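A.B. asks: Provided below are the primary sequence and the corresponding predicted coordinates.
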Amino acid sequence: MGRRSPLVTLAATAVGLVVLLAVNSTVTGNTDLTQTGGATPTPTATTTAPAATPSTTPSTPSTTPPQTATPPTQPTAVYVGRTTGREATVAIAVKNGRAVAYVCDGRRLEAWLTGPFRDNQVVLRSRTGERLVAAIGAKSATGSLTLHGRTLRFAISVAGPPAGLYRSASKSRTIGWIVLPDGSQVGVDNDGTPAPAPRLDRERGVASVGGVRVTAQPITGDETF
């Protein structure tokens, strides 16, 4: 038994080869499994659309202005007539929220009054303290006035041509005329010494004072003096 026979040596070699092949096959199979099935798939990123955000822009309010009532139309007219006791003649002109009145007796007493015209009412004053208050209608004006300390009442009517109120003014004199509906005239020429006014040529708007021609302007009511 000191020497192995060649057959035993061959058999041992064969067994060793079988074992080696078996181990190699096992290792190779595991490697293939790892390479083919071991890679973890990378998850695909999913993009989620953001939810619609409600608009936060404030609604624009309507710019249409609210409707307002149309103010009543103010008359533009001249009213003329005499006081109730026929002590004086009165003219009131109204226009554009203003009024001018002239009161005179045709001899020496007179007053020019101005002021606002609102809500069909006038409250007018003169530089010398005279006062006139009247309610103005479409066809007439009624009220009262003071003239050199006397209180006079009147109810006068709206007038058209040739009636009207006229005035000529300079540094040295002022002349006022009231032309009544029948064409008659009443006025005062005041150059510091009041006297009856000269005759007015209404069509040309002129008068003669001591041979000097003066120009008269119709008073409409919105003048200031």
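C.D. replies: Right, received. Where do you want to start?
A.B. asks: contact partners for the residue nearest to V209 when sequence neighbours are not counted?
C.D. replies: Closest residue to V209 apart from its sequence neighbours, by C-beta to C-beta, 6 or more residues apart in numbering: P198 at 5.5 Å. Using the backbone N, CA and C atoms, a C-beta is placed for each residue, glycine as well. By C-beta atoms under 8 Å, 6 or more residues apart in numbering, the contact set of P198 is I175, D189, A207, S208, V209.
A.B. asks: just the buried members of those?
C.D. replies: For the contacts of P198, a neighbour count by 16 or more other C-beta atoms under 10 Å gives the buried set as I175, D189, A207.
A.B. asks: which ones among these map onto helices?
C.D. replies: Judged by DSSP state H, helices contain none of the buried ones among the contacts of P198.
A.B. asks: any regions of the protein where pLDDT drops low?
C.D. replies: 1-75 (pLDDT under 70).
A.B. asks: so where do the helices sit in the chain?
C.D. replies: For the chain, the helices defined by DSSP H cover 6-37.
A.B. asks: the spatially closest residue to A141 that is not a sequence neighbour: neighbour count?
C.D. replies: Of all residues not flanking A141 in the chain, Y79 sits nearest, at 4.2 Å (C-beta to C-beta, 6+ apart). Per other C-beta atoms under 10 Å, the neighbour tally for Y79 reads 27.
A.B. asks: ok, now V158?
C.D. replies: Per other C-beta under 10 Å, the neighbour tally for V158 reads 20.
A.B. asks: what residues are up against it?
C.D. replies: Here V158 is in contact with A77, V78, Y79, A138, K139, S140, A141 (C-beta under 8 Å, 6+ apart).
A.B. asks: picking up where we left off before, ok, the contacts of P198 vs N96, which is closest?
C.D. replies: Nearest to N96 among these: I175, at 24.7 Å, using C-beta to C-beta.
A.B. asks: isn't the closest one up against S208?
C.D. replies: No. With contact defined as C-beta atoms under 8 Å, I175 does not count as touching S208 (11.2 Å).
A.B. asks: quick check: neighbours shared by the two?
C.D. replies: P198, V214.
A.B. asks: if we can go back for a sec, so what's the residue nearest to A141 up against?
C.D. replies: Residues near Y79 by C-beta under 8 Å, 6+ apart: V90, A91, I92, A93, V94, I136, S140, A141, I156, S157, V158, A159.
A.B. asks: show me the beta-bridge partners of it.
C.D. replies: I92, V158 (DSSP bridges).
A.B. asks: separation between it and S172?
C.D. replies: Per C-beta to C-beta, to the nearest Å, Y79 is found 30 Å from S172.
A.B. asks: ok, now P196?
C.D. replies: Distance, P196 to S172, using C-beta to C-beta: 18 Å.
A.B. asks: now R204
C.D. replies: On the measure of C-beta to C-beta, R204 and S172 end up 22 Å apart.
A.B. asks: the more surrounded of those two?
C.D. replies: R204 (10 against 7).
A.B. asks: and that one, how far from R150?
C.D. replies: Remark: distance between R204 and R150 (C-beta to C-beta) = 35 Å.
A.B. asks: show me the contacts for R107.
C.D. replies: V188, P194, A195, P196.
A.B. asks: I'd like the residues you listed as CSV, with distance to V103 appended.
C.D. replies: Below are these laid out as CSV (distance: C-beta to C-beta, whole Å):
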residue, distance to V103
V188, 10
P194, 13
A195, 17
P196, 15
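A.B. asks: how about these in a markdown table, adding neighbour count?
C.D. replies: As requested, these are exported to a markdown table (neighbours: other C-beta atoms under 10 Å):
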| residue | neighbour count |
| --- | --- |
| V188 | 23 |
| P194 | 16 |
| A195 | 13 |
| P196 | 15 |
